[in-house]
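Engineer: quick one: sequence and predicted model below, then my questions.
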Amino acid sequence: MSEPIPAAPVVVLLHALGLSSRSWDGVVDALGDPFDCVAIDLPGYGDAAGSDRLTVEQSALVVAERLRALQPDRWLIAGHSMGGKVAAVVTAWAEAGEQGLIAPDGLVLVDASPPSPEPMSEQRRAGMEDWAEDGPVSPAQAERFVDQNAPHALPALRETAVADVQRAAPTAWLQWLERGSLEDWTDAVGVLRTPAVIVASDPGGDLGPAAQRRLTLPHVPGATVQEVDGAGHFVVLEQPQAVADAIAGLWQRVSGPRALPAAFARLIASDRVSAKTRAVMLARLDGPGDAPRALDDAQRDLLTALLARIIPQRGTDLDLAGRIDSQLAAGNDDGWRFGDLPPDVQAWRAGLDTVAAVAPGLADLPAEEQDAWITRFSDGEAGSDEPGLLDGRRMGLWFEDVRGEGVRVWLSHPAAQAWIRYDGFADGGDGERKQGYLRTRAGEREPWQRDWRTGAAR
Amino acid sequence: MDLTRMRRWAEHEEVDAVVIGTGAGGAPILARLAAAGRSVVALEAGPNWDPADHTPDEIQANELYWTGERLSGGGTPEAFGGNNSGTGVGGSTLHWGAFCPRPRADDFKTASTEGVGADWPLTLDELLPYLLEVEDFIGVSGPADYPWEPGRSYAMPPVARNAPADFMAAGCEALGIRATDGPAAMLSRDRQQPHWGLRPAANNSGSIHQGERTGAKATMDTTYLPFAVGHGAEIRAEAMVHGLERDSTGRITAVVYRQHGVDHRQRTKAVFLCGGGVESPRLLLNLDLANSSDQVGRNYLAHPAAQVWGRFDEPTMMWRGYPSSLITEDFWRSSDDSYASGYLIQSLGVMPVTLATSMARGGMWGERLMDRLEHYDHFAGIGINGECLPSDQNRLTLSDEVDEVGLRRARIDFTFGENEEKITDHGVDVMRRIWEAAGAKDVFVLPRNAHTEGTLRMGDDAGENVVDRDCRSFDVPNLWVCDNSVFPTSMIANPATTIMALALRTADVFLGRPLPA
Ligand SMILES: Cc1cc2nc3c(=O)[nH]c(=O)nc-3n(C[C@H](O)[C@H](O)[C@H](O)COP(=O)(O)OP(=O)(O)OC[C@H]3O[C@@H](n4cnc5c(N)ncnc54)[C@H](O)[C@@H]3O)c2cc1C
């Protein structure tokens, strides 16, 4: 049994400079019922025009607060222009389990302002600042601003957008132009692991397809870039269906089971877990990637086959062989080895070569025959006296290492820990008094403890 | 720990003593000498931590273990690293289990009472005042009545029992075996620790082997070391000793160590070697020192520490609560001579990666392993700590491989002798019965051994021992060794408080103080 998959996710929508949550009305309509859309007025805009929490960080904190209140198990976040920068920051926090957030299922960046300083001509920046220098943007300027960015806006959306631009707090407007858009968040955002789609209006302006590929894509390297032909920068006002399709398409792609059950991810993100513990656990979500290796392809494939039998994973599908290989290459060292085996890298290469020599084609044998070989090797009954290979006794020792390392690497992954329903890492956060546990006896549980495999109460 | 305001000495200043290693042996010596006004510098190979830096994550906790490679051989090769060897300011106490049974008088003389093993040159009477001082200073909690010693009591009530302890209590009761809360250097009440500050009562985290983050568990860096620094001792972390300079008379004049890639040389009048049961003999063998008896590295000892596991109907979630909260000493001596000396039994909560690794190393794999791990949250364990007697076949030698500072690596060959096998068999049988009586299903056994002792034996005869009854080298007049390695027998009680007591006594000898009769 694993975590149930909800029909549809929460979709958090963050608007562009001057606009408000209402700019997403067309997208929300187009997405329709199955999506639980939460369009947010960022501080200084829409109904939040009175807020003075105007920095990028504070805007992201406001979004984080909303998410903490909502506690969505599955969620997407979409950010348009200015909102895109905020969405990227929120996603980075959520991936790191910071601010009590769990990672989103997907990120949609619509003509997004990148984490880096936004490319904007000084002349245009100065011109736009002028509009709010002496108070709210005037009706005429507001119309001009909307029309320039969305020459083909749908009439109803145009009307609310023009009204929203006039409602926007002048300080918020200035804050973004003078500070927020120029802040460098590249390191803080880093490379995101959340699946992403970049929507770029074409020809677009400063934030069109070329800028998105150059400035945004490096933060979401696997993202697809969807160009929306003939659209202006305020594409949500002009072609909401195209934006909605991008969001729905992404959900379709990511709606399978998550890397971590939501309740478990939320526990990792909670204040019962220290920042250090959270960081080391979440870092393990990344596979070995192209980390340096110690084994060649054939050795690695054989190890994969052996581990599939030795550690038949439940609740996960990790590249255990790849993880072990990159550890070997990094020289990770547990403080001892069998004195009768050569140093680790040599031992693993020799052990695998011995399997290949003594039991050729093992990976293609029926499971029972593979298991029979594993038993013989483990019992020290199969090996080779050829130079460079391991004899039976040494194979027995090395197989002990394979079993030990295999299960260690598997169970150090948070998803495996969720599967065995372990929460011992949540024994206290970074406060002066660590929470620990109040209940220690069999059958007793704390109110917050769950069946982490499914997220259900115990 | 906070080292920012400690007193510092220059390398060319000749200090009264250098202490190598800051674990259970080194820390109390440092504290005693500093409090007596001696100038003392501790050199510690590992880093300095704040308890809050630790993490329950078992993989990350590798940072607390001695990870310099050791070669393990013999019939029952011992795992090192996380199994028994710490590093850092505080030594292995950073991740010790804080289980503190006391040795008994007979444990010091297995040769004269049972005709096996070796007698210690010291008696319990000589050590007991120090043991009590240690327990009082680091804070040991335990039961109000100790079934095996009428009149013994502990200053603080025991910490909460966890699920394995409850099951062990039930199983023992059904079989008529006496059991009670284990003595533990784990606070059950908030207390102020001199020169450290508030140490809170235990919060029932079970991850204490990964480094306890609150100070509830006594470690050297929350007890003796802050006291030492408060009295003017200096501690240099990440300082790996690899040389001892001597004058023409053979006295040590300086200690050579590498810190951040640079070699330093501290002048000193005396040296206390407290690197633990593997590193202390390794250093002496590498330097070919203090070995006229040819005993350095011999009689390596490791406790038989077999475990029995089972699955219970109710969730045990044994990552909660102090891991070894119940003890029985009923098997400390055999009632029918089926083994010499004996063993204790403790209840066990073990964290998942550690347990799963032992299971897999013990021979489980495939669906059978997974079927068991599926019930990890219903597991409870029980384990022995048994006597290990000295044997010629168990020996630490040097391999040809060389470490980063140019010292040859240690190779440890260890094979259980007949008595260790007997103790293990007996213990496993008793534990199986306890677990069955407690309602355990799918009971399985994990063979194991624990701790690193022996190798620099203490004794009265210079021809057969490395140090004398006061832990002073027979060969090098200003070299003292005080750690796990001086143990003539392993004893049944877990070793740490005995080492601390020996350390205080050794310091008193050095200071010329009168010793308890
Ligand atoms: C997981 C675990 C659980 C345990 N549980 C218990 C328990 O419940 N009860 C109990 O009584 N005992 C327990 N022990 C054992 C106890 O911790 C040790 O017996 C005790 O700490 C040994 O003290 P020591 O001084 O000999 O060595 P250590 O405490 O290991 O200290 C040696 C120090 O010397 C340093 N060192 C070594 N070589 C050098 C060098 N060349 N230069 C500089 N520094 C050096 C090391 O880095 C280390 O910090 C446990 C041990 C472990 C590992």
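Structural biologist: Arrived safely, thanks for sending.
Engineer: use CA for all of it now, contacts and neighbours both
Structural biologist: OK.
Engineer: for chain B, which segments are assigned as helices?
Structural biologist: B:26-35, B:110-114, B:124-138, B:163-175, B:224-230, B:276-287, B:352-361, B:366-373, B:418-437, B:496-510 (DSSP state H).
Engineer: and the ones you listed: which comes nearest residue A:304?
Structural biologist: Nearest to residue A:304 among those is helix B:366-373 (13.7 Å), distances taken as CA to CA.
Engineer: and the closest one, average pLDDT?
Structural biologist: Helix B:366-373 shows a mean pLDDT of 97.
Engineer: check whether that helix contacts chain A.
Structural biologist: Yes: counting by CA under 8 Å from any CA of the partner chain, chain A is contacted by helix B:366-373 at B:366, B:367, B:369, B:370, B:373.
Engineer: pLDDT (mean, whole number) over the longest helix along chain A?
Structural biologist: Using DSSP H, we find that the single longest helix of chain A is helix A:392-411. Average pLDDT, helix A:392-411: 97.
Engineer: does anything pack onto the very next helix or strand once past it? Which helices or strands?
Structural biologist: Toward the C-terminal end, the helix or strand that comes next after helix A:392-411 (DSSP states H and E) is helix A:414-419. With contacts taken as 3 or more CA pairs under 8 Å, 6 or more residues apart in numbering or on different chains; DSSP states H and E, helix A:414-419 sits against no other helix or strand.
Engineer: what's the spacing between helix A:414-419 and its chain's center?
Structural biologist: Distance, stretch centre to chain centre, for helix A:414-419: 17 Å (CA atoms, centre = their mean, to the nearest Å).
Engineer: pairing partners for the helix or strand just after it, with directions?
Structural biologist: Past helix A:414-419, further along toward the C-terminus, the next helix or strand under DSSP H and E is strand A:450-451. Partners of strand A:450-451 in the sheet, by DSSP bridges, are strand A:456-457 (antiparallel).
Engineer: residue A:92 touches residue A:192, doesn't it?
Structural biologist: Yes: the criterion here is CA atoms under 8 Å, and residue A:92 meets it with residue A:192 at 6.5 Å.
Engineer: the two - which one has more neighbours?
Structural biologist: A count of neighbours by other CA atoms under 10 Å in any protein chain shown puts residue A:92 above the other of residue A:92 and residue A:192, at 23 against 19.
Engineer: can you tell me how far the more buried one sits from the ligand?
Structural biologist: 36 Å (CA to the nearest ligand atom, to the nearest Å).
Engineer: give me the residues contacting the helix or strand hosting that residue.
Structural biologist: Using DSSP H and E, residue A:92 maps to helix A:82-95. By CA atoms under 8 Å, 6 or more residues apart in numbering or on different chains, the residues outside helix A:82-95 that reach it are A:14-17, A:56-57, A:59-61, A:63-64, A:77-79, A:99-104, A:107, A:109-115, A:181, A:185, A:188-190, A:192-194, A:282.
Engineer: quick one: the strands in the stretch 1-150 of chain A?
Structural biologist: Secondary structure of the stretch 1-150 of chain A, counting by DSSP state E, counting those that start in this stretch: strands at A:10-14, A:36-40, A:75-80, A:106-110.
Engineer: select, out of these, the one closest to residue B:381.
Structural biologist: Per CA to CA, nearest to residue B:381 of the strands of the stretch 1-150 of chain A: strand A:75-80, 41.1 Å.
Engineer: that closest one - what's its average pLDDT?
Structural biologist: Mean pLDDT, computed over strand A:75-80, is 98.
Engineer: which residues does it contact?
Structural biologist: A:9-16, A:84-88, A:91, A:104-113, A:247, A:251.
Engineer: give me the sheet partners of that strand and which way each runs.
Structural biologist: By DSSP bridges, strand A:75-80 pairs with strand A:10-14 (parallel), strand A:106-110 (parallel).
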